[in-house]
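[1] would you be able to build a 3D model of this:
(one chain, ligands or ions: 2)
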Amino acid sequence: MLSTLQRIVEAVNQAPEFEVALKLMVTRVKEALGSEVCSVYLADHDAKEFVLMASDGLHVPDGERITLAFGEGLISLAAQREEPLNVADATKHPNFKLVEAVQEESFRAMLVAPIIHQRQVLGVLAVQQRSARAFSGEEESFVVTLAAQLAAVIAHAEAKGLVAGHHSPWLRNLTAVPGAPGVAIGHAFIGKPAARLSAVVPRRTEHPWREIHKFRKAVIETRQELKALAAQVAEHVAEDTLAIFDVYQGMLDATSLGNSVEAKIQEGWMAQTAVKVVVEGFVAQFEEIEDSYLRERAVDVRDLGQRVLSHLQDHRKIELEVPEECILVAEEVTASMLAAIPRDKLQGIISLKGSANSHAAIMARSMGIPAVFGIQDVPLNYLEDQFLVVDGYSGDVFVNPPAQVLHEYEALLLEEQELADIVRQHRDLPAETKDGIQVELQINAGLNVEHGETRGQHNGIGLYRTEIPFMMRDRFPTEEEQFQLYRQVLDSYAGAPVVMRTLDVGGDKPLPYFPIQEDNPFLGWRGIRMTLDHPEIFLVQVRAMLRANVGHDTLKILLPMITSVDEIDESARLINQAYFEVRNELVQKHPGLDMKRPQLGVMIEVPAILYQLEAVARRVDFFSVGTNDLTQYLLAVDRNNARVASLYEVYHPALLMALKGIIEECQALGKPVSVCGELAGDPGGALLLLAMGYRTLSMGGHNLDKIRWIVRNVEAPMLQVLLSQALNARHPDQVRRVVNMKLESLGLGGFVRAGK
Ligand code: PEP
Ligand code: MG
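    Ligands and ions are numbered 1, 2, ... in the order given. Here you go, the predicted structure:
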């Protein structure tokens, strides 16, 4: 049975058209079960009826639409109960409804299985036989399994508007993953890569030096091109986002791509071939990484490789003819593709591949351009020349929408623009509530940080993730390399606190040069667990941080993934050791100079820490709550697994109770605590955190203005009412309703339209 089932699903998936797929499926199921009829009905929720989409065995008069109203017949009963019905003689069942047009009267045995996708009944699969008999358990489970597998196929077809005849005439909306909030309306502009690595045919050369020369020239040209692209977007993005281009430049360095490509050329390959082989090798390594953020770096590496390739191929630069008010649509939108389009024309972004973690998504958020990612099974040319509405809150894309949908979105767009204008005007004012409560807003940074001012006022860096520089190499960075990097960060933010987190790799985000194989990576060798097992890595990093801090005294060190006090004691011992080493070296070189010991903090992200706060507080200077991991570990929901994404609920009552408990205990213990997970930069999340008593929030630079505006519009009594309502809620949706209503009543409705 299993192989028959697999064959049917395979055939259905490969069918050129949806209708062919359905026809094929009913025929194959009928054959497999030796039954006399197999039919598929799909629900038309607008007309409130089931429509017979395909049948093998029932006689459907040409061109006739056969339907059953919701509530009628065994078809409706199975759908309503959301369970299969196995009826030996359907004609005797009280719910039986004869459909005369299809000459159904001669069939008695009936097996009906609902087709359910993400808890929604899409239709039913029905098998019938002349003789009265109950279908066997095996037959029943075969039909149920098949219906479950087909649900996804049908859901995709519905989303693509392929389910003809029982939906409204305009193409239905496509569903993607929201990447950057906002609404965009415009014409599709198809973005293509400058050159394709996959198209390069491997060729050898007799003159490696000539090829090396060509490669070096192409690298120089690529560097210039990247500089120009960065300059083009510089005024539109936060500085930490601009650093994406520094990362690109870094990848072009000899130690990253350069040496490997030149070594390949020395082996006798032409430059184009060497670039292809080396870059595709890097891409494959990144694509294997489970962590979705780091996996997305494969896109950057490929993009960079294709840029170098385009210079090797000496493509004349074609000026892009970008329509006014365009929506950039590409197989895989990259940060540099985005930068190449004039900001005033770019309204929105649709990337068929990729996720909210891609650099393009980070840039889009930073530039305030609505974006959606990951529309499966839609070919690029399907969107070509189309008029589109992109909803970056929900992930919906409307293709040639009807007037009423368009008007609704136009009104929303206007509301948003007005709100954005107001928010921007307040960027230089302090984050202070109406009744004078001061709130510290800090920035989460992780890429390189450039010199200069970051948008609006802020109170330094609340979380500097150090993972990325470790990822972008083919070996651990040296102490000197790390020192340079950290020094640059501390210089850029001189005078303001900078919280640097020690390396949080391992488990799900292994380094390309340090592979780790585990069955449960999120519960594995990650963060502090890995670095404590490798004190040589930890010490080098801490030494680099301490050296970079000399003369600044603004560094704070943060430990990730702490589960027990032993880990803190051991880390503190190593930090002490590094401190005395660096201090001795400093005093020897510069007698009279001294060095302050940096504050030490731990992330509250593993639930076990919630029950040891007192013991931990005796060992550290501050806490920082990582709501991203705390949510995943408290709710036992993988933060990167799309299948359980709807269960990853930051408004879950359990999480709210945990956050409230943390702030109360930290206040009692007299320990400063901040929040550096995504929740701090979420308008509703920030409201709740303020209400609970958190006074330091750290977030992506692009959220600063928005959250400042929220802070400036609230006052304590109103927050208390909100908090008690939220804490009384028993379901995340209730919390969301309460929070959204509050934002609406503050005139911040434009921030609310988040997908759920
Ligand atoms: C967190 O877990 O909330 C956090 C800030 O750290 P990261 O997202 O880097 O795991
Ligand atoms: Mg974390």
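[2] which residues does the nearest residue to Val439 once chain neighbours are set aside contact?
    The shortest distance from Val439 to any non-neighbouring residue, by C-beta to C-beta, 6 or more residues apart in numbering, is to Ala431 (4.4 Å). For glycine as for every other residue, the C-beta is placed from the backbone atoms N, C-alpha and C. Counting by C-beta atoms under 8 Å, 6 or more residues apart in numbering, Ala431 touches Gln438, Val439, Glu440, Leu441, Gln457, Ile707, Arg708, Val711, Arg712.
[3] a markdown table for those, including neighbour count?
    Shown next, in a markdown table, are the contacts of Ala431 (neighbours: other C-beta atoms under 10 Å):
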| residue | neighbour count |
| --- | --- |
| Gln438 | 12 |
| Val439 | 22 |
| Glu440 | 17 |
| Leu441 | 25 |
| Gln457 | 16 |
| Ile707 | 25 |
| Arg708 | 24 |
| Val711 | 23 |
| Arg712 | 16 |
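[4] show me these that map onto strands.
    Using DSSP state E, the members of the contacts of Ala431 that fall in strands are Glu440, Leu441.
[5] ok, and of the contacts of Ala431, which contact ligand 1?
    Among those, no residue is within reach of ligand 1 (C-beta under 6 Å from any ligand atom).
[6] can you add distance to ligand 2 and pLDDT and give the contacts of Ala431 back as JSON lines?
    Listed next are these as JSON lines, based on distance: C-beta to the ion, whole Å; pLDDT from 0 to 100:
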{"residue": "Gln438", "distance to ligand 2": "27", "pLDDT": "97"}
{"residue": "Val439", "distance to ligand 2": "23", "pLDDT": "98"}
{"residue": "Glu440", "distance to ligand 2": "20", "pLDDT": "97"}
{"residue": "Leu441", "distance to ligand 2": "20", "pLDDT": "96"}
{"residue": "Gln457", "distance to ligand 2": "26", "pLDDT": "78"}
{"residue": "Ile707", "distance to ligand 2": "20", "pLDDT": "93"}
{"residue": "Arg708", "distance to ligand 2": "25", "pLDDT": "94"}
{"residue": "Val711", "distance to ligand 2": "24", "pLDDT": "96"}
{"residue": "Arg712", "distance to ligand 2": "29", "pLDDT": "94"}
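[7] between the contacts of Ala431, which is nearest Gln118?
    Among those, Ile707 lies closest to Gln118 (C-beta to C-beta), at 32.0 Å.
[8] doesn't Leu697 make contact with that closest one?
    Yes: at 6.5 Å, Ile707 and Leu697 qualify as touching, with contact defined as C-beta atoms under 8 Å.
[9] now the common contact residues for the two.
    Common neighbours of Ile707 and Leu697 (criterion: C-beta under 8 Å, 6+ apart): Leu441, Ala680, Gly681, Ala686.
[10] what about the first one, distance to Ala716?
    When C-beta to C-beta, to the nearest Å is applied, the distance between Leu441 and Ala716 equals 18 Å.
[11] the second one now?
    Counting by C-beta to C-beta, the gap between Ala680 and Ala716 amounts to 19 Å.
[12] how about the last one?
    Ala686 sits at a distance of 15 Å from Ala716 (criterion: C-beta to C-beta).
[13] so which of the two has more stuff around it?
    Taking neighbours as other C-beta atoms under 10 Å, Ala686 and Ala716 compare with Ala686 leading, 26 against 14.
[14] per-residue confidence at the residue of the stretch 1-150 of the chain found nearest ligand 2?
    Minimum separation of the stretch 1-150 of the chain from ligand 2 (C-beta to the ion) falls at Gln118, amounting to 27.9 Å. pLDDT recorded at Gln118 is 72.
[15] show me what contacts the nearest residue to it once chain neighbours are set aside?
    Among residues not flanking Gln118 along the chain, Ala155 sits closest, at 7.4 Å (C-beta to C-beta, 6+ apart). By C-beta under 8 Å, 6+ apart, the contact set of Ala155 is His117, Gln118, Leu122.
[16] so which helix or strand takes in the closest residue to Leu197 other than its chain neighbours?
    Counting by C-beta to C-beta, 6+ apart, Lys276 is the residue found nearest to Leu197 once chain neighbours are left out, at 4.9 Å. Using DSSP states H and E, Lys276 falls within helix 271-287.
[17] please identify the buried residues of that helix?
    271-280, 282-283, 285-286 (16 or more other C-beta atoms under 10 Å).
[18] chain center to stretch 298-308, what's the gap?
    Chain-centre distance of stretch 298-308: 20 Å, with C-alpha atoms, centre = their mean, to the nearest Å.
[19] got a list of contacts for it?
    Residues outside stretch 298-308 that contact it (C-beta under 8 Å, 6+ apart) are 193-197, 215, 218-219, 222, 225-226, 244, 247-248, 251-252, 257, 275-276, 278-280, 282-283, 286-287, 332, 334-337, 353-354, 358-360.
[20] how about a cut-off of 6 Å?
    With contact meaning C-beta atoms under 6 Å, 6 or more residues apart in numbering, stretch 298-308 is reached by 193-195, 197, 218, 222, 248, 251, 275, 279, 282-283, 286-287, 332, 334, 336, 358-359.
[21] with stretch 269-285 instead?
    Applying C-beta under 6 Å, 6+ apart, the external contacts of stretch 269-285 come out as 197, 200, 202-203, 205, 211, 214-215, 260-261, 264-265, 298, 301-302, 305, 308-309, 312, 512.
[22] next one: phi and psi at Ser492?
    Reported as degrees, to the nearest 10, the phi and psi values for Ser492 are phi -60, psi -30.
[23] next up, the contacts around the residue nearest the centre of the chain.
    For the chain, Ala356 is the residue whose C-alpha lies nearest the centre (C-alpha atoms, centre = their mean; 3.1 Å). Residues near Ala356 by C-beta under 6 Å, 6+ apart: Val177, Gly179.
[24] out of everything not next to it in sequence, what's closest to Leu58?
    In this structure, Leu58 finds its nearest non-sequential neighbour in Val102, 4.1 Å apart by C-beta to C-beta, 6+ apart.
[25] counting neighbours, what do you get for that neighbour?
    Neighbour count of Val102, defined by other C-beta under 10 Å: 19.
[26] just the one 5 residues further on next, same as before
    Other residues within reach of Phe107, judged by other C-beta under 10 Å, total 23.
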